[in-house]
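In: Have a look at this prediction, sequence included:
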Amino acid sequence: MTPCPHCGAATTPGAPFCGTCGRPLAPASTPDPNVTQVRPAVQPNQPGDAAAQAPYGQQPPQQPAQPQEPQQQWSQQPPQQPQQQWGQQPPQGQQQWGQQGQQQYGAPQQQWAQQPGGKSGFDFTKLLVGNWIGMGIVALSALGVAFVFALLFAFTTAEDLSVGSAIWTTLAQTAAAFGANTVIDLGDDASVSIGQYPLLATFVSLGVAGYLFRRTTAGYRDIKEGLLDAVRAGLILSVLVFVISLIVSIASPDIEGYLNLSGDSMDSFGVAVLDGETKVSIAGAIFLPFLLMVFVLGLLSLTRRDWMGEKLAKVHGFIAVPLSALGVLVAGLVVLGLVYLVFQIIGNDDARGFAEIMRALAALPAMGLFLVTLGVFGQMGSKSKTKGGGDSDSDTDWERLPDFTDDNGAIFWAAPVFALALAAGVLWYINMKTPDKTKLLRNFGIYLASLLVFFPLLVRLSNMHLKQEQEYNGDDYKTSITQGAEGFQAMLFFILFSAVIGLIIAFVSGALDFNEVKAKAQQFQGQQGQPGQQQWGQQPPQQGQWGQQPGQPGQQQYGAPQQPGQQQWGQQPPQQPGQQQWGQQPPQQPGDSGQWGQQPPPQQ
C-alpha cells in the first residue's frame with residue numbers, strides 16, 4: 001500500500017484521494033489529444049444537489065430548513081377554536097347557515113312563499129308568472145269539449161227544433177256542465193232555477209283537462225308547481241264560463257221547442273231543458289268551475305310520485321292506488337248508465353223516443369249512480385219543500401227496488417247484480433295494483449274511507465235540483481225539489497257491500513287468513529275470561545297495608561275500620577303475664593349467683 005504524500009496514512013491502490021485527509025494522491029494525467037473525451041452533461045444546480053456536487057469526503061453545505069406546520073403531539077389536545085354559543089349571533093360579516101340569499105345544499109332554487117326580509121306567506125308573484133299559456137290550453141280544451149256535447153244535445157233533444165234556440169241552449173248547457181244554474185222566467189211572476197249537470201259532458205271535459213294537464217306538466221319536479229298550475233287552469237275556466245253566463249244573461253233569449261213545465265211531464269230521467277226566457281246564474285259560473293277544475297287537477301297532482309319529496313312520498317304510497325280506484329269507479333258509472341238506459345227503454349214506453357234517449361245520454365253517469373242506488377237497496381224518488389204564506393210544507397216520494405220495479409219494469413231486478421259487479425271490479429283493481437299483499441287491507445280501508453266524501457259528491461252532481469219562486473195573492477212562495485237518489489242510505493249500503501266483497505278478495509288473494517283471525521279472536525276471548533283478571537271498567541280490589549298481601553284472612557285492609565283489640569301501627573303490644581319486655585332485666589331466680597354484670601360474692 002502506498003502512503004499518502006501529505007499525511008502519511010495508508011491509501012488504497014488506484015484511489016484518487018486520500019481516505020484520511022482527502023487530498024489528491026497523484027496529479028491529473030494529461031489527456032491524450034488523439035482520444036475523444038466524453039464529458040457528462042452538467043445540469044444546473046437543483047435544490048438538494050449540494051450533496052452530489054460536494055467534493056469527495058467533504059461535507060455539503062447545509063440547506064436552510066423549510067418551515068413546517070406545527071404538528072400536534074400524540075395525546076395532546078388540539079387548540080380550541082372560538083365556538084359560537086347556541087342562539088348567539090355570528091360575527092359581523094360572517095355568513096350564517098340558512099341566512100337569506102345563500103343557496104343551501106339540496107334546497108330548491110326558490111323558496112316556497114318566502115318573502116324578502118324573512119317573512120313567510122303566499123307568494124302571488126309565482127302565480128302571476130307561471131305557465132298561463134299551457135293552463136289556458138287545458139281550460140279551453142275542457143270548455144271546448146263541453147261545448148261540443150252541449151251542441152249535440154241541444155240539436156237532438158228539441159221537440160220542435162229552432163236553430164236560434166238551439167244555439168242559446170248550447171251556451172247555457174256549456175255553462176251548466178261546470179255547475180252554473182239555468183234560470184227560466186215562466187211568466188206570471190214565476191221563475192224556476194234548474195241545477196242539473198249534463199254529467200257526461202262534465203266528466204269527459206274534465207277527463208280531457210286532466211290528460212292535457214299531465215302532458216303539459218310532465219317536466220315538472222315539484223308538486224307545488226303542479227298545484228299552482230291547477231289553480232291557474234281553474235281561474236281561466238272560471239273566467240270563460242263567467243263570460244258565457246254574462247252573455248246569456250244579458251241577451252235573455254226566449255228558448256222554444258223543448259219541454260214546457262206547465263204542459264209536458266218528464267216520465268223518464270234525463271237532462272231537462274225548459275222553454276222560456278233563459279238566464280244563467282252568475283255566482284255559480286264564477287265559483288263552481290274553479291272548484292271543479294282545481295279539485296280534479298289537484299287529485300291528479302297527488303298521484304305523481306316524481307313530484308313528491310321525501311316526506312310526501314309516504315303520503316303518495318298511501319293514497320295513489322285508492323285515488324286511481326275512484327277514477328275506475330267513475331268510468332264504471334258511465335257503463336252502468338248505459339245499462340240503466342237500456343232498462344229504461346225496455347220498461348218504460350215513454351222513454352223510447354229519440355229526444356228522450358238523447359236527454360238520457362246527456363245524464364249517463366247520473367243514471368249509473370241511480371242503478372247502483374237501486375242495486376244496494378237504497379231509495380230513489382224525490383223530495384220537495386214549500387214555504388210561503390206563513391206556512392211550510394214538505395213531501396217525500398221515495399221508492400226502493402221492489403216499488404221501483406212496479407212502475408218502471410221488472411228488468412230493474414237485475415240492478416243488484418250490476419251494483420255488486422261494479423263494487424267488486426273496483427276492489428279487484430286495487431288488488432291488482434297492490435303487489436305487496438300486506439298493504440291490501442290498508443288500501444281497501446283508504447278507498448272505503450274516501451267514499452265517505454266522494455260518494456255524496458257524486459250524488460250531488462247526479463241529482464236534479466229545482467227551485468221555483470212565484471208570487472200569489474201578494475205572498476211569495478218558494479218550492480225546492482230534489483229528484484234522484486237519497487244519498488246517505490246509498491252511500492252507507494254501498495260501503496257495507498264493498499267492505500264484505502273486500503274481505504272476500506283479501507282472503508282469495510292470501511292477504512287475509514281466517515284461521516289466524518279466528519285464533520286471535522279466541523285468544524282475546526280467553527284473556528277476558530281468565531279468573532282473577534280485572535275486566536275493563538271493573539273496580540280494582542282494595543289494597544292492604546304496605547307489604548301486606550291483599551285478600552288474606554285475618555288481616556286488616558288499608559282504609560278499613562279498626563277491629564276491637566287490634567294493635568295500631570307503632571303501638572306497643574300489650575304485655576302478657578310473665579313476658580319479658582325488650583331491654584328489661586330478667587327476674588333473678590333462686591340460686592342464681594347474681595345479676596348479669598354483677599360481681600359474684602367472694603368464696604369462703
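Out: Noted; the coordinates are in hand.
In: Give me the residue ranges of this protein where confidence is low.
Out: Across the chain, residues meeting the criterion (pLDDT under 70) sit at 1, 26-127, 262-267, 526-604.
In: tell me the domain boundaries of the protein?
Out: Residue ranges for each domain of the chain read 123-307, 317-512, as given by automatic domain parsing.
In: Which of the ones you listed sits closest to Q523?
Out: Taking Cβ to Cβ, domain 317-512 is the member of the domains of the chain nearest to Q523, at 17.3 Å. Yep, even glycine has a C-beta here, placed from its N, CA and C like the rest.
In: The longest helix out of those in the chain: which residues count as buried?
Out: Ranked by number of residues, the top helix in the chain under DSSP state H is helix 312-347. Going by neighbour count (16 or more other Cβ atoms under 10 Å), the buried part of helix 312-347 is 316, 319-337, 339-341, 343-345, 347.
In: Show me what the helix or strand following it is packed against.
Out: The helix or strand immediately downstream of helix 312-347 is helix 354-362, counting by DSSP states H and E. The helices and strands touching helix 354-362, judged by 3 or more Cβ pairs under 8 Å, 6 or more residues apart in numbering; DSSP states H and E, are helix 132-156, helix 199-216, helix 312-347.
In: Using JSON lines, lay out these together with distance to V376.
Out: Formatted as JSON lines, the helices and strands packed on helix 354-362 follow (distance: least, Cβ to Cβ, whole Å):
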{"stretch": "helix 132-156", "distance to V376": "29"}
{"stretch": "helix 199-216", "distance to V376": "20"}
{"stretch": "helix 312-347", "distance to V376": "12"}
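In: right, and those - which one's nearest E516?
Out: When those are compared for distance to E516 using Cβ to Cβ, the nearest one is helix 312-347, at 24.1 Å.
In: Which neighbouring elements make contact with the closest one?
Out: helix 199-216, helix 282-302, helix 354-362, helix 364-375, helix 401-408, helix 415-432, helix 440-462.
In: of these, which approaches G390 most closely?
Out: Closest to G390 of the helices and strands packed on helix 312-347, according to Cβ to Cβ: helix 282-302, at 28.8 Å.
In: Packing partners of that closest one?
Out: So helix 282-302, by 3+ Cβ pairs under 8 Å, 6+ apart, packs with helix 132-156, helix 199-216, helix 223-251, helix 312-347.
In: tilt between the second one and helix 364-375?
Out: This means helix 199-216. 110 degrees (axes from the mean of the first three to the mean of the last three Cα atoms, to 10 degrees).
In: follow-up on the earlier one: now the domains of the chain as TSV including distance to G19?
Out: Shown next, in TSV, are these (distance: least, Cβ to Cβ, whole Å):
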stretch	distance to G19
domain 123-307	81
domain 317-512	87
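In: Identify whichever of the ones you listed lies nearest to G22.
Out: Nearest to G22 among the domains of the chain is domain 123-307 (79.8 Å), distances taken as Cβ to Cβ.
In: Of the helices and strands packed on helix 312-347, flag the one that's most buried.
Out: helix 364-375 (a mean of 27; mean count of other Cβ atoms under 10 Å).
In: Using PDB, list the CA coordinates for it.
Out: Taking Å, rounded to 0.1, in the frame of the first residue of the first chain, the C-alpha atoms of helix 364-375 are listed here in PDB:
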ATOM      1  CA  LEU A 364    -125.500   8.900 -18.500                       C
ATOM      2  CA  PRO A 365    -123.200   8.800 -15.400                       C
ATOM      3  CA  ALA A 366    -126.000  10.000 -13.200                       C
ATOM      4  CA  MET A 367    -128.200   7.100 -14.300                       C
ATOM      5  CA  GLY A 368    -125.300   4.800 -13.500                       C
ATOM      6  CA  LEU A 369    -125.300   6.100  -9.900                       C
ATOM      7  CA  PHE A 370    -129.100   5.500  -9.800                       C
ATOM      8  CA  LEU A 371    -128.700   1.900 -10.800                       C
ATOM      9  CA  VAL A 372    -126.100   1.400  -8.000                       C
ATOM     10  CA  THR A 373    -128.500   3.000  -5.600                       C
ATOM     11  CA  LEU A 374    -131.300   0.600  -6.600                       C
ATOM     12  CA  GLY A 375    -128.800  -2.300  -6.500                       C
END
